[in-house]
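> give me a 3D structure for the following:
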Amino acid sequence: MSAVKELVSTSLWFVFIAALVGSPHFAYYALFPISLLAVGFVIESPRGIGVRKDTDRRVYRVGEEIRVRVNLSVERGVGWVVIRDPLPPEASLVGGSNVRTFFKGLRRLEVEYEYVIVLPRRGRYTLPPTEVYGEHVLGVRESTYAVFTGEKDVAVMPEFVLSRHLRAPRRRSKLAVPITAQSVRGALSTDFKEIREYLPGDPLKFINWKATARLGEARVNEYEREGKKTVFFLVDVTERMGVGSTLGTPLEYSASLVASLSYYFLKHGYNVGLYLVGSGKLLMPSTGSEQFHSILRTLTEVQHIEGSTEGFRSAVEKTKRIVAQYTPLLVYVTNLIEEGFPDVAGSLTAVISTYRKRLPAVVIDVSPYSVFEDGAVSLIELEKRALSVRLSPLARVIHWDPSEGSVSSVLAKTIMTVR
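Take a look at the predicted model:
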C-alpha cells in the first residue's frame with residue numbers, strides 16, 4: 001500500500017539523515033511516522049455499513065419528480081465513506097446529488113439525504129444497487145467496498161387527460177355509437193331497437209305476430225339493453241410504432257391517448273377493452289376504476305415488438321368473439337403506412353360485410369415524422385393523408401401529428417366523432 005511505503009520511507013530518511021550528520025535528534029523524528037503507522041494498523045477501515053433506499057411513492061406520471069431518500073449507517077472504523085447511486089437509463093438528476101462523501105469518526109455514523117430524478121418515458125424502472133466505498137483515514141489498511149442490492153421498482157404511467165370539462169353530447173352521432181348507446185349486455189329495457197329473426201331461446205312474448213304473418217318466418221322484437229355500449233381499442237405495438245425520437249415514438253403518444261380515451265369512456269359508463277396488436281395481450285371489456293387501472297398498467301409496461309407479423313386482420317380474427325358479442329366501437333391506433341394499408345382496409349371491409357349494419361370504427365393515425373428535418377418528411381405526410389382519404393369510406397380516420405396537436409385535441413375529435 002502506498003501510504004505504508006511513504007511512512008516507512010519517511011522514517012528511514014530521518015534515520016539516514018541522523019546517521020549522516022551525527023545528530024540523534026533526527027532519529028527521534030523517525031518515531032513519528034512509525035507511530036502513525038502503528039496507530040493506523042490498529043484502526044479499521046469503515047465497516048459495518050448499512051444502506052436503506054426508498055421513494056415517496058411507487059407510481060408516478062411521465063415527467064414527475066421522484067424523490068429518492070437514502071439512509072447510510074457505518075458502525076466501525078475511521079475514514080471517508082463515498083456512497084454512489086447509479087441512475088436508471090434516461091433518468092435526469094434535477095435536485096441534490098446521487099454521489100456523496102462523508103467522514104466516519106470514532107462515533108457511529110448515520111446520515112440521511114435525498115436527491116430528485118425525473119424519468120421522461122413511461123415504463124417500469126429499477127433503481128440500481130447502491131455502491132459504497134470505505135477509505136481508511138491514513139490509507140494504511142485495505143479499503144472496503146460493498147454493493148447493496150435492495151433495488152426499488154417504480155412505475156411511470158403515461159400521461160392522460162382527465163377531460164372533466166367535456167360534457168355529454170347534445171347532437172346526433174356521426175357513427176352508430178352515440179355516447180348514450182346501449183350495450184348488448186344487461187337487462188332489457190322498453191326501448192324498441194329492431195325486428196329480427198327468431199332465435200332459439202327468445203321469449204315468446206317478444207314474437208312480432210304481424211311481421212311473422214307477413215314474411216312467413218318467425219320474427220321477434222328486439223329491445224335495447226340497459227348499460228352503455230363497448231369501446232374496444234386495438235393498439236399497434238409492432239416495430240412501426242418504434243420510429244421517431246427516443247422520447248417521441250408513436251407508441252409513447254398512443255399510450256397517452258388511449259389512457260385518456262379509456263378514462264373518458266369508463267367515466268361515462270362504457271365497457272372498455274384493449275388488445276395489443278403485435279403482442280397478443282388482451283383485456284376483456286369491462287367497466288369501472290379497476291378496469292382503468294388494468295389498462296393503465298398494461299400501457300405502462302408495453303414496448304414495441306421487433307419482428308412481429310401480427311396485423312390488424314389477424315387481431316380482429318382473434319377477437320371476433322368480442323366483436324360478435326359486443327358489436328363495439330373499434331378504435332385502431334397505429335402508424336398508418338402504405339405497407340400496412342391493405343391489411344387494415346381489407347380487414348375493415350371483411351368485418352363490415354359480416355354484419356348487416358356498418359360496424360363503427362375509428363382509425364387514429366399517429367405521425368411522428370415531423371421531428372425529423374428532412375425533405376422526405378413532407379412526402380411521407382402527403383402519403384399518409386392520401387391513405388386516410390382512401391380509408392375514409394370504411395372508417396372515421398383521425399390523422400394526428402403530435403408536434404401540431406395535443407392529446408386533448410385528438411381526444412376531443414374522437415369524442416365528437418362518436419357523440
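> what comes up buried for stretch 123-130?
For stretch 123-130, the neighbour count (16 or more other CB atoms under 10 Å) marks G123, Y125, L127, P128, T130 as buried. C-beta coordinates here come from the backbone N, C-alpha and C atoms, glycine included.
> E159: which of these is nearest?
Nearest to E159, judged by CB to CB, of the buried residues of stretch 123-130 is G123 at 13.0 Å.
> doesn't T300 make contact with that closest one?
Yes - with contact defined as CB atoms under 8 Å, G123 counts as touching T300 (6.5 Å).
> between the two, which contacts overlap?
A155, V156 (CB atoms under 8 Å, 6 or more residues apart in numbering).
> follow-up on the earlier one: ok, so of the buried residues of stretch 123-130, who is nearest G278?
For those, the nearest to G278 is G123 (16.9 Å; CB to CB).
> secondary structure class for the nearest residue to the closest one once chain neighbours are set aside?
Closest residue in space to G123, ignoring its immediate chain neighbours: V156 at 5.8 Å, by CB to CB, 6 or more residues apart in numbering. For V156, the secondary structure call by DSSP: H, G, I helix; E, B strand; the rest coil comes out as strand.
> so which of the buried residues of stretch 123-130 are in strands?
G123, Y125, L127, T130 (DSSP state E).
> can you pull out the helices in the stretch 101-250 of the chain?
Remark: helices assigned in the stretch 101-250 of the chain by DSSP state H, counting those that start in this stretch are 209-215, 250-267.
> turn those helices into JSON lines, including distance to N221.
JSON lines is the format used below for these (distance: least, CB to CB, whole Å):
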{"stretch": "helix 209-215", "distance to N221": "9"}
{"stretch": "helix 250-267", "distance to N221": "29"}
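> closest to Y113 out of those helices?
It is, among the helices of the stretch 101-250 of the chain and with distance given as CB to CB, helix 250-267, at 32.6 Å.
> after that closest one comes which helix or strand?
Going down the chain from helix 250-267, the next helix or strand is strand 271-277, by DSSP states H and E.
> how about that next one: buried residues?
For strand 271-277, by 16+ other CB under 10 Å, it's N271, V272, G273, L274, Y275, L276, V277.
> packing partners of that strand?
strand 230-236, helix 250-267, strand 282-286, helix 289-301, helix 312-318, helix 320-326 (3 or more CB pairs under 8 Å, 6 or more residues apart in numbering; DSSP states H and E).
> E44: which of these is closest?
Per CB to CB, nearest to E44 of those: helix 289-301, 45.8 Å.
> that closest one packs against which elements?
strand 123-127, strand 152-157, helix 250-267, strand 271-277, strand 282-286.
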